[in-house]
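Novice: Sequence and predicted structure are below.
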Amino acid sequence: MTDRRSEPRARDPARGLEQRLERTKRFMLAFALGLFTMGIPQGGFAKQSSVTGFDAVRVLVEYGRYEDAMALAESFAADEKGKTLAAAFTQALILEQQGRLPEAASALRAILSQNPKARNVRRELAGVLYEQGEGNASLHHFELLAGSASSAEERRFYERLAARARTIRPWSLGGYLSIAPSTNITEAPDADLVYVGGIPILPAKKKSGIGYGYGVDGSYRFDLDEISSITIGGGVNGNWYRDTSFNTSYFDSFVDYRREMGDWTVTGGLVGQYVMKGEEPYRWSLGPAFSLRHNMGRKGVTTLRGLWRKLDYHDRDALDGSETVLGISHLYAISSASSVRFGGNVSFVDAANDTNSYVRFSLNAQYFREWNFGAISDISIFADDRRYQDITYLAGKKRSDQRIQASLGITLRNLAVRGFAPRLEYAYTQNFSNVDVYDFSKNTISTYLTKKF
């Protein structure tokens with residue numbers, strides 16, 4: 001089912017947007033019946049016409065000739081496994097034709113979990129999700145199809161569908177709740193005794209605990225025309241522990257202007273954030289942000305981002321100042337079932353006290369893959385180097401930190417219930433510092449429910 005010759009013609013998933021002419025459908029019906037009667041294999045047929053065998057199957061389904069459609073689809077298969085998959089795909093088309101969209105989506109997801117490179121199945125699933133009004137879920141699959149398209153024409157087609165998926169509704173609302181046990185919620189040093197400026201100090205003890213992660217976010221988009229819009233939004237996310245002194249909450253807000261110009265997309269606006277730690281006010285920030293995105297087709301998508309924001313701490317004036325960030329990332333689709341993202345950032349925090357000012361360089365990479373046993377995995381690695389600008393109090397030297405974080409996430413799509421699938425994530429963090437009190441490591445396991453699969 002991964003052979004491109006066997007894919008149905010690309011179609012708009014929104015019913016009625018690009019309906020076939022009735023005489024074309026009649027021709028296809030007659031042709032499909034002739035094909036079924038002659039028993040011509042799909043491969044031989046595809047060499048003689050730009051119309052594929054599954055186009056014929058689709059037309060038989062649309063005319064209610066379900067048994068004929070099933071038989072024709074199975075005739076294309078070379079073995080029993082192929083027949084089973086062809087039958088399952090045809091049954092999904094029948095469910096879609098009958099308006100049983102949730103059942104069709106479930107059936108298509110089951111097929112895709114066994115055959116993640118089956119582009120025709122992914123396309124059909126994206127279309128069904130679109131018809132259900134599941135904009136974010138359908139967008140996920142349209143973007144995978146666009147990123148791995150073999151031609152500029154095919155890429156533009158899926159990008160148009162992705163753009164329509166974004167506009168299913170002008171508002172968005174999402175959220176999550178996770179359980180996240182950690183071996184070191186205090187981020188205390190691994191050593192029992194550390195030295196600062198040659199003086200031995202007993203550090204805070206490492207403390208493990210089970211935290212609960214949470215998040216709610218939403219936005220509303222005002223379309224100015226076909227290529228530009230203004231979006232406002234915000235949300236709250238954080239971690240909660242039984243010992244509330246370790247709780248952290250982030251309240252975010254933004255307003256931005258977005259304009260699409262062919263393969264380029266420009267976004268600019270304001271971002272704000274208010275942070276609470278231990279149930280007490282900690283910091284607020286506000287400033288402009290921008291991004292410049294360039295879609296290079298099969299070569300991938302490159303995004304340049306920039307941010308400047310004012311930092312104001314509630315009761316720590318020495319930390320007040322500003323932060324400037326410039327970053328770049330590139331997303332490359334290996335196939336519709338796998339991709340890699342990599343990039344880096346450089347940032348500078350200018351604090352009132354230079355002891356707290358630093359330059360930071362970071363690199364990151366992520367590999368994403370869908371497997372044929374019903375799982376979606378992602379492996380990430382992050383590394384950064386932080387150099388402080390003045391001598392750290394008591395240490396007698398400028399502080400320098402290096403941090404490495406590696407994580408592995410798995411989404412179990414075969415365990416989905418009502419469109420939600422469980423996701424498990426493990427992360428290991430190690431921080432190295434020339435000031436011993438900042439040396440630490442921790443392990444964290446998180447569980448989520450997600451609809452992005």
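Specialist: All right, it came through fine.

Novice: Give me the below-cutoff pLDDT ranges for the stretch 301-450 of the chain.
Specialist: Along the stretch 301-450 of the chain, no part satisfies pLDDT under 70.

Novice: how about the strands of the stretch 251-400 of the chain, start to end?
Specialist: Counting by DSSP state E, counting those that start in this stretch, the stretch 251-400 of the chain has these strands, from start to end: 264-277, 280-295, 301-313, 321-335, 338-351, 358-370, 375-391, 398-412.

Novice: Figure out which of those strands is closest to residue 237.
Specialist: strand 264-277 (10.8 Å; C-beta to C-beta). In short, each C-beta sits where N, CA and C put it, glycine included.

Novice: which outside residues touch the closest one?
Specialist: Outside strand 264-277, the residues within contact range by C-beta atoms under 8 Å, 6 or more residues apart in numbering are 238, 247-259, 281-295, 307, 309.

Novice: do stretch 334-341 as well
Specialist: Outside stretch 334-341, the residues within contact range by C-beta under 8 Å, 6+ apart are 116-117, 119, 122, 144-145, 147-148, 329-333, 365-370.

Novice: and what of stretch 444-453?
Specialist: 109, 134, 136-137, 140, 176-183, 213, 376, 411, 413, 416, 419-429.

Novice: Which of the residues you listed fall within strands?
Specialist: Residues of these located in strands (DSSP state E): 176-182, 213, 376, 411, 421-429.

Novice: Please pick the buried ones from these.
Specialist: 178, 180, 182, 213, 376, 411, 421, 423, 425, 427, 429 (16 or more other C-beta atoms under 10 Å).

Novice: So which of these is the closest to residue 314?
Specialist: For those, the nearest to residue 314 is residue 213 (23.5 Å; C-beta to C-beta).

Novice: can I assume the closest one is in contact with residue 182?
Specialist: No: at 10.5 Å, residue 213 does not count as touching residue 182 under the criterion of C-beta atoms under 8 Å.

Novice: Buried subset of the contacts of stretch 334-341 as a ChimeraX selection?
Specialist: Applying 16+ other C-beta under 10 Å to the contacts of stretch 334-341, the buried members can be selected in ChimeraX as follows:
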select :116,117,119,122,144,145,147,148,329,331,332,333,366,368,369,370
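
Novice: residues in contact with residue 283?
Specialist: Taking C-beta under 8 Å, 6+ apart as the test, what residue 283 contacts is 273, 274, 275, 311, 312, 313, 314, 319.

Novice: Wait, the fifth one touches residue 281, no?
Specialist: No: in this structure residue 312 lies outside contact range of residue 281 using C-beta under 8 Å: 10.4 Å.

Novice: quick one: contacts for residue 121?
Specialist: In this structure, residue 121 makes contact with 1, 89, 108, 111, 112, 115, judged by C-beta under 8 Å, 6+ apart.

Novice: Doesn't it lie inside a helix?
Specialist: Yes: assessed by DSSP: H, G, I helix; E, B strand; the rest coil, residue 121 belongs to a helix.

Novice: how close does it sit to residue 355?
Specialist: 57 Å (C-beta to C-beta, to the nearest Å).

Novice: buried subset of the contacts of strand 264-277?
Specialist: 238, 247-250, 252, 254, 256, 258, 282-285, 287, 289, 291, 293, 295, 307, 309.

Novice: And the helix or strand residue 165 falls within, how far out from the chain middle?
Specialist: If you go by DSSP states H and E, residue 165 is part of helix 152-166. The gap between where helix 152-166 is centred and where its chain is centred comes out at 17 Å by C-alpha atoms, centre = their mean, to the nearest Å.

Novice: Tell me the helices and strands packed up against that helix.
Specialist: Where contact means 3 or more C-beta pairs under 8 Å, 6 or more residues apart in numbering; DSSP states H and E, helix 152-166 is packed against helix 119-131, helix 135-147.

Novice: at 6 Å what do you get?
Specialist: If you count contacts as 3 or more C-beta pairs under 6 Å, 6 or more residues apart in numbering; DSSP states H and E, helix 152-166 packs onto helix 135-147.

Novice: which other helices and strands contact the helix or strand residue 82 falls within?
Specialist: Per DSSP H and E: residue 82 is located in helix 80-97. Secondary-structure packing of helix 80-97 (3+ C-beta pairs under 6 Å, 6+ apart): helix 53-62, helix 66-75, helix 101-114.

Novice: Kindly compare burial across those and name the winner.
Specialist: Mean neighbour count (mean count of other C-beta atoms under 10 Å) peaks for helix 53-62 among the helices and strands packed on helix 80-97, with a mean of 24.

Novice: Show me what that helix is packed up against.
Specialist: With contacts defined as 3+ C-beta pairs under 6 Å, 6+ apart, helix 53-62 has these neighbours: helix 22-38, helix 66-75, helix 80-97.

Novice: Identify the residues contacting the last one?
Specialist: With C-beta atoms under 6 Å, 6 or more residues apart in numbering as the test, helix 80-97 has contacts from 1, 61, 66, 69-70, 73-74, 77, 103-104, 107-108, 111, 128.

Novice: Kindly recompute the last result at 8 Å.
Specialist: With C-beta under 8 Å, 6+ apart as the test, helix 80-97 has contacts from 1, 57-58, 61-62, 64, 66, 69-70, 73-74, 76-77, 101, 103-104, 107-108, 110-111, 114-115, 120-121, 124, 128, 131.

Novice: Next up, the contacts around residue 368.
Specialist: 338, 339, 340, 341, 376, 377, 378 are the contacts of residue 368 under C-beta under 8 Å, 6+ apart.

Novice: coming back round to it: possible to save the helices and strands packed on helix 80-97 as a markdown table with mean pLDDT and distance to residue 390?
Specialist: Shown next, in a markdown table, are the helices and strands packed on helix 80-97 (pLDDT from 0 to 100; distance: least, C-beta to C-beta, whole Å):
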| stretch | mean pLDDT | distance to residue 390 |
| --- | --- | --- |
| helix 53-62 | 78 | 67 |
| helix 66-75 | 83 | 71 |
| helix 101-114 | 89 | 54 |
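
Novice: I'd like a version of those in a markdown table, one that adds distance to residue 187 as further columns.
Specialist: Shown next, in a markdown table, are the helices and strands packed on helix 80-97 (distance: least, C-beta to C-beta, whole Å):
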| stretch | distance to residue 187 |
| --- | --- |
| helix 53-62 | 55 |
| helix 66-75 | 57 |
| helix 101-114 | 38 |
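
Novice: and residue 393, which of the ones you listed is closest to it?
Specialist: Evaluated over the helices and strands packed on helix 80-97, closeness to residue 393 peaks at helix 101-114, with 55.4 Å, by C-beta to C-beta.

Novice: Summarise which helices and strands that closest one is packed against.
Specialist: helix 80-97, helix 119-131.

Novice: re the thing from before, reformat the contacts of residue 283 as JSON lines; add neighbour count.
Specialist: Compiled in JSON lines, the contacts of residue 283 are given as follows (neighbours: other C-beta atoms under 10 Å):
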{"residue": "273", "neighbour count": "17"}
{"residue": "274", "neighbour count": "16"}
{"residue": "275", "neighbour count": "17"}
{"residue": "311", "neighbour count": "19"}
{"residue": "312", "neighbour count": "15"}
{"residue": "313", "neighbour count": "19"}
{"residue": "314", "neighbour count": "14"}
{"residue": "319", "neighbour count": "19"}
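
Novice: This completes my enquiry, with thanks.
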